[in-house]
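J.: quick one: sequence and predicted model below, then my questions.
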Amino acid sequence: MKDIQELFDKIHIKPKDISLYELALTHSSFNADAKTIHHDYERLEYMGDAVLGYVTADLIFQVHQDMDQGYMTKLRSHLVQSKALANYARRIELYNFIITGHSIDRASIEKSDKILEDVFEALIGAIYLDQGIKKAYSYIKWFLYNDIKFADIDDLTDYKTRLQEEMQSEYRDSVTYRLIKEEGPAHDRIFVTQVLFNKEILAEGVGKTKKASEQDAAKNALKKKAV
């Protein structure tokens, strides 16, 4: 485990109360070894989650002034989902600073989206309590701003759900998907999927995964319906 000062250098923080950060980095498994109760990040995670939600919503509102409520909500959810937060934690190698019991090894921590997400939120909570909302806002903006500014609306849209809802509102029947082609090497597969309604092919879609190809097929079907 690395010295916590290295983390402060990474995130440009001069702590007033270092114990807050130590607590934010302590996993519950440490309690078993230390024979303590609730000396871990859970309460700080709660605070960090609230601060993260507020700052993310405010940044989206300021950056995307023409975006409607529905898309703002989808973008916020996309940005604060477990995988995204875990990847932000990996960006600063947060796994090297987490304090755990002997039951969890360092490699498991690095792979765990859940642990990294929780500790990342706890760290935000510690920064907020130690430095105030202005510093917490700046820290979150450092991670999220480009992802917010250059967000792709297509990534936020569930085309399969939209197509299903439109077809059911008109015909009260569901669409189905059929994988028709899978090609390329294992590390770079391409999937081609058809979307059908009552055995009629509405459109085809292509993607790096089956799910992505289905979304693309639904998107193309919606485009045809709009013509």
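T.: Ah, there it is.

J.: give me the neighbour count for residue 115.
T.: Residue 115 has 23 neighbouring residues, counting by other Cβ atoms under 10 Å. C-beta coordinates here come from the backbone N, C-alpha and C atoms, glycine included.

J.: following element in sequence after the helix or strand containing it, please.
T.: Counting by DSSP states H and E, the secondary-structure element that holds residue 115 is helix 113-131. Using DSSP H and E, the helix or strand that follows helix 113-131 in sequence is helix 133-149.

J.: just checking, what packs against that next one?
T.: Helices and strands touching helix 133-149, by 3 or more Cβ pairs under 8 Å, 6 or more residues apart in numbering; DSSP states H and E, are helix 42-63, helix 69-79, helix 82-91, helix 113-131.

J.: deepest-packed of those helices, please.
T.: For the helices and strands packed on helix 133-149, ranked by mean neighbour count under the definition mean count of other Cβ atoms under 10 Å, the leader is helix 113-131 at a mean of 23.

J.: give me the low-pLDDT residue ranges for the chain?
T.: Per-residue confidence of the chain (counting by pLDDT under 70) places the weak regions at 31-38, 154-155, 227.

J.: can you do 80?
T.: 1, 28-39, 101-106, 152-157, 172, 226-227 (pLDDT under 80).

J.: any idea how far residue 226 is from the nearest residue to residue 201 once chain neighbours are set aside?
T.: In space, not counting the residues next to it along the chain, residue 201 is nearest to residue 194; the distance is 5.2 Å by Cβ to Cβ, 6 or more residues apart in numbering. For residue 194, the distance to residue 226 equals 19 Å [Cβ to Cβ, to the nearest Å].
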